[in-house]
Every structure is written in C-alpha cells, then in structure tokens.
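> just the structure for this:
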Amino acid sequence: MPSQRLIEMLVGLFLLFAIFSLAVLAFKVSGLTNLFPTKSYAVTAAFDDIGGLKIRSPIKIGGVQVGEVSNIALDSQLFKAIVTMRINDQYNNIPNDSSAGIYTSGLLGDNYIAITPMYSKTVLKEGSTIEFTNSAMVLEKLIGQFIYKIGNSGNDKGEKNANAQ
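Next comes the predicted model:
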C-alpha cells in the first residue's frame, strides 16, 4: 500500500498538470498566443481609413482565412494607415497586382481584409506592398452623409418654392 506522502505528491502533480492544461487551453482559445506559429511572410498596404480593423483581424481570399493583421501604424507623411499583414507560407502564389479591401462581417460585425487576386505572374513575397486598396466603409459616416443629404434636399425644395412665388 502506497504511503500517504506518495499519494499527496501524485495528487499535487495531477493538480499542477490540470492547472497548466487549463492555462494552455485558455490562451489557445482566446487567441492571445500561438504555441506553434505557422511560417508566414509580411506584406504591407496603405489605407485612407481602416474603420474598426484591429491587430489579429483575419486576411481572407475568397472567404478562406490566409493570414492575419500583425501591425497597424500611421504614416506621418501621407497620414494613411499602414497595415502589416502576415500571410501563411502555404499561400505563396498571390499575384503582386492584387487588391486589398476592408470589409465587415455582416452589418455590425468585425472588420477583415479581403485580398482579390489579379493576373500578374510575379507574386507577393516578404516585404511586398499591395498598391491597390479600398478603405473601410464606416457606418457612422454613411449615416451622417445620408442625414446631411436628407436635410439639404428639404431646404432646396423650400428655397425653390420661395423663389417661384
């Protein structure tokens, strides 16, 4: 029969293993860390407006995730957002004349970058820049423009009626 001390050590080791496993699971599920990072290459693109794009937002081609946003910075000369994307190495045949646009998942969902491949024979590689970009459509701006146009169209009719009399 095992001694009391041996049983206590086994229970302690089991608890340590359980706590470690839960910590690894929590980090893996939350996406805060990647224990086994995939090989990837960095590509940059400049956008006028990135909306709600965040670091770790997905990069998609045809709805399939091919990478994620790794950094967002401001170009102090042009005042554009410079987005650095990490694209998985297995997708190493993306043409360098492709375009990138920022879209929203659903009406109020998270933003992601969609790359639309074009027809060039040369491909994106480490340090490449995507030249053709489409900025995010910010819902608040669209609503503001709509309200402004509605307000002005009412004033235009009033002015026309006053001028006609």
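
> which element is residue 112 on?
Element membership for residue 112 (DSSP states H and E) is strand 111-116.

> sheet partners, orientation included, of that strand?
strand 58-61 (parallel), strand 99-104 (antiparallel) (DSSP bridges).

> show me where this structure has strands.
With DSSP state E, the ranges of strands along the chain come out as 40-47, 58-61, 64-74, 81-88, 99-104, 111-116, 128-130, 132-134.

> for residue 12, which of those is the nearest?
Comparing the strands of the chain by their distance to residue 12 (CB to CB), the top pick is strand 64-74, with 38.9 Å. C-betas here are computed from N, CA, C, even on glycine.

> quick one: mean pLDDT for that closest one?
Averaged over strand 64-74, pLDDT sits at 94.

> please apply the same query to stretch 120-139.
So the average pLDDT for stretch 120-139 ends up being 90.

> that one: which residues count as buried?
Buried residues in stretch 120-139, counted by 16 or more other CB atoms under 10 Å: 124, 128, 130, 133, 135-136, 138.

> try stretch 66-81
Neighbour counts over stretch 66-81 (16+ other CB under 10 Å) mark 66-70, 80-81 as buried.

> excluding its backbone neighbours, what's nearest the residue nearest the centre of the chain?
Residue closest to the average C-alpha location in the chain (CA atoms, centre = their mean): residue 57, at 2.5 Å. Leaving aside its sequence neighbours, residue 57 sits nearest to residue 69 (CB to CB, 6 or more residues apart in numbering; 4.5 Å).

> next one: residue 89
Residue 89 sits nearest to residue 39 (CB to CB, 6+ apart), 4.2 Å away.

> next, count neighbours for that neighbour.
9 (other CB atoms under 10 Å).

> and it, what's its pLDDT?
According to the prediction, residue 39 has pLDDT 90.
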